[in-house]
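S.K.: here's a sequence, model it:
(2 chains)
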Amino acid sequence: MEPLVRGAGFHPAINHDSKWQVGNLPHEFTRRGALRLVALGGLSWLTPLAQLLARDTDSTKGGEPAQSLIFVWLAGGPSQLETFDPHPGTMIAGGTKAIKTAARGVFIAEDYARLAEQMGDVALIRSLVSKEGDHERGTYMVRTGYRPNPTVVHPSIGAICCQQLPIGNAELPRHIAILPGQWPALGGLLGKQFDAFRIQDPANKVPSIAAQVPEPRFQRRLDDLSVVESAFARGRSRQARSTLHSESVDKARMMMSSEQVKAFDVNLEPAELRKAYGDTPFGRGCLAARRLIEVGVRCVEITLQGWDSHTNNHQVHHNLSQTLDPALAALLVDLRQRDLLKKTIVLCGGEFGRTPQINPAAGRDHWPHGFTMLVAGGRVRGGVALGETDSEGERAVSQPHQVADLHATVLTALGIDPHHEELAPIGRPIQLSEGQPIAELLG
Amino acid sequence: MWARNLLFVGLCLAGLATLGANLSPAHKPRPRSDLRPATSPAEGFGATVERVNAAFRADWDRRGITPAGRADALTLARRLSLALVGTIPSVEEIRLFEEQPSERRLEWWLAGIFADRRHHDYLAERLARAYVGTQDGPFIIFRRRRFVSWLADELSENRPYDQIVKRLISDSGIWTDHPATNFVTVTIKPDQGTGPDENELAARVARAFLGIRIDCAECHDHPFEPWKQSDFRGLAAFFGETQQTFTGIQDVAGEYKVEDPASGKSETISPRLPFQSELLGTSAQCEGTPGESALIADERADLRLRSKLAAWVTHRENKAFARAAVNRIWAQLFGRPLVEPIDDLRPHGDMPPALDILADDFVSHGYDLRRLIALIATSEAFTRDSRTDPALPEQEIAPGDEESWAVFPIVRLRPEQVVGGLLQAGSLETIDYESHIVTRTLRATRQNDFIKEYGDAGDDEFTPANGTIPQRLLMMNGEQVHDRIKESLVANASTQIAVLAPNDAKAVETAYLAALTRRPSAEEAVHFAAVLANMNDDRNRNQRLEDIFWALLNSTEFTWNH
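M.R.: Have a look, this model is predicted:
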């Protein structure tokens, strides 16, 4: 049973006064800032010193690992070519153009103008390879870092965060899925208590967190319940206790009365900020994600559906970018302004990429042989793009990385040992991840 | 003018009445009430039950355990309905149950379950999880629903278990026309060739049908069992000929090659069995029931590797097969396998005597699943109470008592059972295949919605676990529970009871029967009588009845099998 610790006098940091401006970067002196300054001024001879300075600031930034994860899940498999890995001017681009970003030398698809401004904080792994080209299996692969296996259910990365990271002050479920798709994130061998708690559009009330009846009547119901419970316990009190049923009722009750429930309510945010995230369920989901990690939720997954563009790929991707670009950019800015980006890892991607070749229906099909995942936050190095996919559409990928490497990297950035072993029910030890952390990203 | 309006209204009403009459045919008597259970004492049934009981008694004596008393009849009926139908008895069924002479009640109840389509569906779904898992699987070539409904059909005809398994392993053809082939097609990876994944199939065959975990040997020799990597590959090689073709699953003779992960070299693997390989090809000699002879004749001519494997797996002398089946059915009934884990019956380990007694009976009585279920359900182990006598001063039940089946184990209900119970508790009438189509459709939708929120248990069928907080929240505050108990026009149980019960005591009793399949204890009766007393206002009284229902549905007793 997941223990819930009630934090004394803890209230969610809800700051109504924060001035909100998208694109207005805080001018902190960072390694990237230094490098950019150097690059801008053409003072290349200063580079070693700048690097030294940068390293210094990096260490003063604190080696504290990140504490939470926001996983922006693009369900259906987004096309790398129309998002984070464009190949403008080639046959495979099909006309998709690229734009410059805040990261020197990193170009992304033209639909992502707002995100482009934030790329200084963002790393792209463009060379992920997997063997799973089916939605269900691919989703499992990217969520867990393992191929599906009939003998064991591997935990999704959000479940690992909840199990491995300190419990902190959260009175809410610490693994939350917003707008979840068909295959929910599971605790697997770590236990059902780490399954994601699922909510829909945060504009609506969170179902089942508030009682259906007024408080006095609810209290009466609990009194009635205790009568039924003691009748059941007679003659089997040890067994009845070992079910932990009453404890779970108490904890559910605690959650219902927690102040933190407000973290689900995005209407408490200023209108301007809500607008920046976008007036969409997904935009509200991203905003709710920020509010939730503020109260100590360890992993929030927000799903944006509809990327499975077997027909009309470019139009599908353009339409979705209108939702994704503002929300993701606003999330990164918002996290940075609240000084949360250092403590939060942001991931964005789907179960695989899409074929470089465009099919006769103007669509792209499944392609697990080279796709992109976006990583930002914590001590992940920003402003870089790792690996390259082939501009002719071949399978060759430079610097290929397994999905497991992504997992090992994210876990390391969260201060979790990826090679820590948990025992599967069949008695086999299983590592949290079998991948290797990507050194270039962890600086 | 008013005459015309009246005529119009009249016509509408007549139309509605016709529609209503067509949609809801006159209430037919339920088949359960006129069921005549097979009272002719099945051959050797009593003797086998007695041997199973003796085996447990000897164990209890050896451990110095006094077993719990016999559970009351309603508790047993509830256990059986949950285990075999995935829901709880309705008040309607309870009334019929109690009309039966007390010594015949359980037999009558079990016969009703065996004739109930809901039982076939439920057991088929449970078994399917061991056979094909819960994945949606490869689209187009895998139809999970088709597979489960085929399995349910087989169970409804009480097809011998060995024949079902033979079909699963060796059937050929298109997955829609020959639904058993979905056992094979589920392992096909569409982007990786046309063949099924023979390793996955070998692992499934070993676990689901033989109760052994040979799949660790996929990559290396098993660390503490005799399985060698060559055993695993040899087993997988039986599926080496199998291909997905235009005519569905077919076998094409050829060599089976695999790449050795260590050396990277390709080597030819010949089919090989991990144990008792002398049984291979001898199945035709075993005597079968007359109906079986055609199948056996087919087999004699059938030289496909899969058919040979199927004959070996289901061979009378392959003890692992019968043991695995008994252990699985036992787990189905108790919520806990006789030997844990369910698919790890070490062939050379010590097995409880009851497992072998039941396995031998299963083999010598034509792999009759219903007989096996009835044997277990009649045994002393199944009919033990889950507590010490409440009238006596309580003695702690030691953990060992539960392990040795001297007291019925308390096991958390599966999500399907919780929602099954919830939906049934919300209605006094039985919701089954006799119910109105609208009722059944609603039930199916509600069940799916609920499980989505509550969380499916996945393939993992019998791992002990406690409930989660979101599950509690869903039961305490969820819309579904609220809708089942609130005052409603489409009379649910709480509304019906409020209106129909002649007095407060009867109202409370009916609520207990609907939700917990028992009558309230003296203390509970006193408490709730006081709660309902002096309620002059109907609305308040109805609300209090809703509250009682809420408390019952949120109790440990409702959520755990006992």
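S.K.: report all helices and strands that the lengthiest helix in chain A contacts.
M.R.: The single longest helix within chain A, with elements called by DSSP state H, is helix A:313-337. For helix A:313-337, the packing partners by 3 or more C-beta pairs under 8 Å, 6 or more residues apart in numbering or on different chains; DSSP states H and E come out as strand A:68-74, helix A:113-117, helix A:271-277, helix A:281-294, strand A:299-304, strand A:344-349. From N, CA and C alone the C-beta is placed, and that goes for glycine too.
S.K.: tell me how many other residues crowd the closest residue to chain A within chain B.
M.R.: Residue nearest to chain A within chain B (C-beta to the nearest C-beta): residue B:387, separated by 3.2 Å. Residue B:387 has 23 neighbouring residues, counting by other C-beta atoms under 10 Å in any protein chain shown.
S.K.: with residue B:321 instead?
M.R.: Counted with other C-beta under 10 Å, the neighbours of residue B:321 add up to 24.
S.K.: report the angle between the longest helix of chain A and strand A:299-304.
M.R.: Taking axes from the mean of the first three to the mean of the last three C-alpha atoms, to 10 degrees, one finds helix A:313-337 and strand A:299-304 inclined to each other by 150 degrees.
S.K.: would you mark the buried spots in helix A:313-337?
M.R.: Within helix A:313-337, the residues that qualify as buried by neighbour count (16 or more other C-beta atoms under 10 Å in any protein chain shown) are A:313-314, A:316-317, A:320-321, A:323-337.
S.K.: quick check: chain neighbours aside, which residue is closest to the residue most central in space within chain B?
M.R.: Most central in chain B under C-alpha atoms, centre = their mean is residue B:123, positioned 3.5 Å from the mean C-alpha point. Counting by C-beta to C-beta, 6 or more residues apart in numbering or on different chains, residue B:123 lies nearest to residue B:155, which is 5.7 Å off, once chain neighbours are set aside.
S.K.: go on, residue A:230?
M.R.: Once its chain neighbours are removed from consideration, residue A:230 has its nearest residue in residue B:523; the separation is 7.8 Å (C-beta to C-beta, 6+ apart).
S.K.: wait, what's in contact with the closest residue to residue B:174 other than its chain neighbours?
M.R.: Leaving aside its chain neighbours, residue B:174 sits nearest to residue B:248 (3.6 Å; criterion: C-beta to C-beta, 6+ apart). For residue B:248, the set of contacting residues under the criterion of C-beta atoms under 8 Å, 6 or more residues apart in numbering or on different chains consists of B:172, B:173, B:174, B:175, B:177, B:178, B:181.
S.K.: swap in residue B:148?
M.R.: B:121, B:124, B:125, B:128.
S.K.: buried among those? Make that a ChimeraX selection.
M.R.: Remark: buried members of the contacts of residue B:148, expressed as a ChimeraX selection using 16+ other C-beta under 10 Å:
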select /B:121,124,125,128
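S.K.: what subset of the contacts of residue B:148 is also close to chain A?
M.R.: The subset of the contacts of residue B:148 within reach of chain A, by C-beta under 8 Å from any C-beta of the partner chain, is empty.
S.K.: which stretches of the stretch 51-200 of chain B form helices?
M.R.: Listed in chain order, the helices of the stretch 51-200 of chain B (DSSP state H, counting those that start in this stretch) span B:73-84, B:91-99, B:105-114, B:117-131, B:144-156, B:161-170, B:182-185, B:198-204.
S.K.: tell me who's in contact with residue A:280.
M.R.: With contact set as C-beta under 8 Å, 6+ apart, residue A:280 has these partners: A:323, A:327.
S.K.: if we use 7 Å, what do you get?
M.R.: Contact partners of residue A:280, counting by C-beta atoms under 7 Å, 6 or more residues apart in numbering or on different chains, are residue A:323.
S.K.: could you list the low-pLDDT ranges of the stretch 1-150 of chain B?
M.R.: B:1, B:17-41 (pLDDT under 70).
S.K.: brain fart, chain A
M.R.: Low-confidence segments of chain A, defined by pLDDT under 70: A:1-63, A:426.
S.K.: quick check: closest non-adjacent residue to the spatially most central residue of it.
M.R.: Chain A has residue A:71 as the residue nearest its centroid, 1.3 Å off, counting by C-alpha atoms, centre = their mean. When the adjacent residues along the chain are set aside, residue A:71 lies closest to residue A:301, with 4.3 Å between them (C-beta to C-beta, 6+ apart).
S.K.: about what we covered before: beta partners of the residue nearest to the centre of chain A?
M.R.: With beta bridges defined as DSSP bridges, residue A:71 has these partners: residue A:301, residue A:347.
S.K.: I figured it hits residue A:160, correct?
M.R.: No - applying C-beta atoms under 7 Å, one finds residue A:71 not in contact with residue A:160, separated by 11.7 Å.
S.K.: let me see the contact set for the one residue in the stretch 201-350 of chain A that gets nearest to chain B.
M.R.: With C-beta to the nearest C-beta as the measure, the residue in the stretch 201-350 of chain A that lies nearest chain B is residue A:235; the distance is 3.2 Å. The neighbours of residue A:235, taking C-beta under 7 Å, 6+ apart as the test, are B:387, B:388, B:389, B:390, B:394.
S.K.: among those, who's most crowded?
M.R.: Of these, residue B:387 is surrounded by the most neighbours, 23 neighbours in total, counting by other C-beta under 10 Å.
S.K.: what's the pLDDT at it?
M.R.: Here the pLDDT value assigned to residue B:387 is 91.
S.K.: please apply the same query to residue B:336.
M.R.: Per-residue pLDDT puts residue B:336 at 93.
S.K.: three-state assignment of it?
M.R.: Under DSSP: H, G, I helix; E, B strand; the rest coil, residue B:336 falls in the coil class.
S.K.: pretty sure it sits against residue B:408.
M.R.: No - contact between residue B:336 and residue B:408 fails when scored by C-beta under 7 Å: they sit 10.0 Å apart.
S.K.: chain center to the strand or helix carrying residue B:424: distance?
M.R.: For residue B:424, the enclosing helix or strand under DSSP states H and E is helix B:415-425. Helix B:415-425 has its C-alpha centroid displaced from the chain centroid by 14 Å (C-alpha atoms, centre = their mean, to the nearest Å).
S.K.: so residue A:97 touches residue A:110, yeah?
M.R.: Yes - with contacts defined as C-beta under 7 Å, residue A:97 counts as touching residue A:110 at a distance of 4.4 Å.
S.K.: circling back: let's have the contacts of residue A:235 in a markdown table, adding distance to residue A:242.
M.R.: What follows is the contacts of residue A:235, written out as a markdown table (distance: C-beta to C-beta, whole Å):
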| residue | distance to residue A:242 |
| --- | --- |
| B:387 | 13 |
| B:388 | 15 |
| B:389 | 20 |
| B:390 | 18 |
| B:394 | 15 |
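S.K.: could I get these as a markdown table with secondary structure?
M.R.: Written out in a markdown table, the entries for the contacts of residue A:235 read as follows (three-state DSSP):
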| residue | secondary structure |
| --- | --- |
| B:387 | coil |
| B:388 | coil |
| B:389 | coil |
| B:390 | coil |
| B:394 | coil |
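S.K.: about what we covered before: counting neighbours, go ahead and name the busier of residue B:336 and residue B:408.
M.R.: Taking neighbours as other C-beta under 10 Å, residue B:336 and residue B:408 compare with residue B:408 leading, 27 against 19.
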